[in-house]
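*Asks:* based on what follows, work out the 3D shape:
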Amino acid sequence: MKTNQLQSDTLAANTNPPTATLEDNLRALRLNYLLENARQSAEQAARNQIAHLKFLEQLIAGELAFRHDKSVQRRIHDARFPVIKTMAGWDWNWPAKLNRMQVEHLLTLDFLDSSTNVILLGPTGMGKTHLATALGNTACLAGYSVLFAAAIDVVNRLSAAETSRQLARELKRYQSPRLLIIDELGYLPLDKRGAELLFQVISKRYEHGSIVITTNIAFKDWPRIFAGDATMTSALLDRLLHHAQTVLIEGDSYRSAKRK
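*Replies:* As a prediction, this is how the structure comes out:
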């Protein structure tokens with residue numbers, strides 16, 4: 001009896017066609033590029049007499065390219081850049097002082113592999129945020145996770161998280177990206193607790209992930225950024241500059257020059 005039942009089940013499996021269509025299977029596997037292009041590509045391959053394996057190779061290559069583009073878009077979205085910037089729009093004839101070779105080497109992203117920090121230091125209007133964003137965008141294209149935030153926004157978020165007893169979780173937000181960009185450090189003063197919270201962010205990333213900081217304040221004046229606490233500032237700079245490159249930018253404000 002069992003043998004007859006097994007033979008009956010096998011016969012039914014062989015004679016009953018699968019109910020799922022090609023589109024159903026591709027959708028279930030989340031092969032979105034193939035879902036949109038498989039039939040059209042098959043018709044084109046038939047007209048052009050493309051071999052089956054070559055046709056499959058082209059479809060798989062298209063799926064990989066589609067997924068790569070989607071992942072890049074997701075990383076750029078998650079980075080929270082205020083505006084997308086690249087070095088294609090950079091004028092190397094301005095500002096007056098900028099080490100081009102240093103910047104171009106940074107764009108190779110070698111500094112990320114060694115968790116090296118980058119400090120973009122110069123007066124207001126020198127394009128520091130443009131350079132930081134271009135570095136971050138390049139990192140996104142290369143597959144690295146990035147987060148961009150103004151220094152005061154970091155402090156405000158952490159302060160709010162501390163009030164709601166979510167500080168540990170919020171700190172992880174700034175620990176997890178491979179590259180953290182802290183923009184405009186020193187543009188607005190920090191109180192004692194704000195300085196301590198920002199210190200925690202930088203301290204927790206020490207030798208674990210790179211930070212790019214833009215600032216218009218020379219290192220000797222950093223204590224006034226951190227509520228006048230020279231001891232905490234010294235400890236912070238010790239961690240920040242242990243593995244770091246400083247990019248000095250000098251010249252006239254680009255925005256002022258454009259107005260003139």
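*Asks:* hang on, Trp90 packs against Leu135?
*Replies:* No: Trp90 lies out of contact with Leu135 (Cβ atoms under 8 Å); the separation is 11.6 Å. (Glycine included, C-beta is placed from N, CA and C.)
*Asks:* who has more neighbours, these two?
*Replies:* Leu135 (25 against 16; other Cβ atoms under 10 Å).
*Asks:* these two touch, right, the more buried one and Leu106?
*Replies:* Yes: the pair Leu135 / Leu106 is scored as a contact, 6.2 Å apart, by Cβ under 8 Å.
*Asks:* where do the contact lists of these two overlap?
*Replies:* Val118 (Cβ atoms under 8 Å, 6 or more residues apart in numbering).
*Asks:* excluding chain neighbours, what is closest to Asp191?
*Replies:* Using Cβ to Cβ, 6 or more residues apart in numbering and skipping the chain neighbours, the partner closest in space to Asp191 is Ala227 (5.9 Å).
*Asks:* ok, the one you found - contacts?
*Replies:* So Ala227 contacts Pro189, Leu190, Asp191, Lys192, Gly194, Ala195 (Cβ under 8 Å, 6+ apart).
*Asks:* what do you get if the cut-off is 7 Å, keeping everything else the same?
*Replies:* With contact set as Cβ atoms under 7 Å, 6 or more residues apart in numbering, Ala227 has these partners: Leu190, Asp191, Lys192, Ala195.
*Asks:* could you list the low-pLDDT ranges of this structure?
*Replies:* Under the criterion pLDDT under 70, the flagged ranges of the chain are 1-20, 254-260.
*Asks:* hang on, the earlier thing: the residue nearest to Asp191 should be in a strand, yeah?
*Replies:* No: applying DSSP: H, G, I helix; E, B strand; the rest coil, one finds Ala227 to be coil, outside a strand.
*Asks:* against Thr214, how distant is it?
*Replies:* 20 Å (Cβ to Cβ, to the nearest Å).
*Asks:* same question for Met101.
*Replies:* 20 Å.
*Asks:* for these two, indicate the residue with more neighbours.
*Replies:* Neighbour comparison, Met101 and Thr214: the larger count goes to Thr214, with 28 against 7 (by other Cβ under 10 Å).
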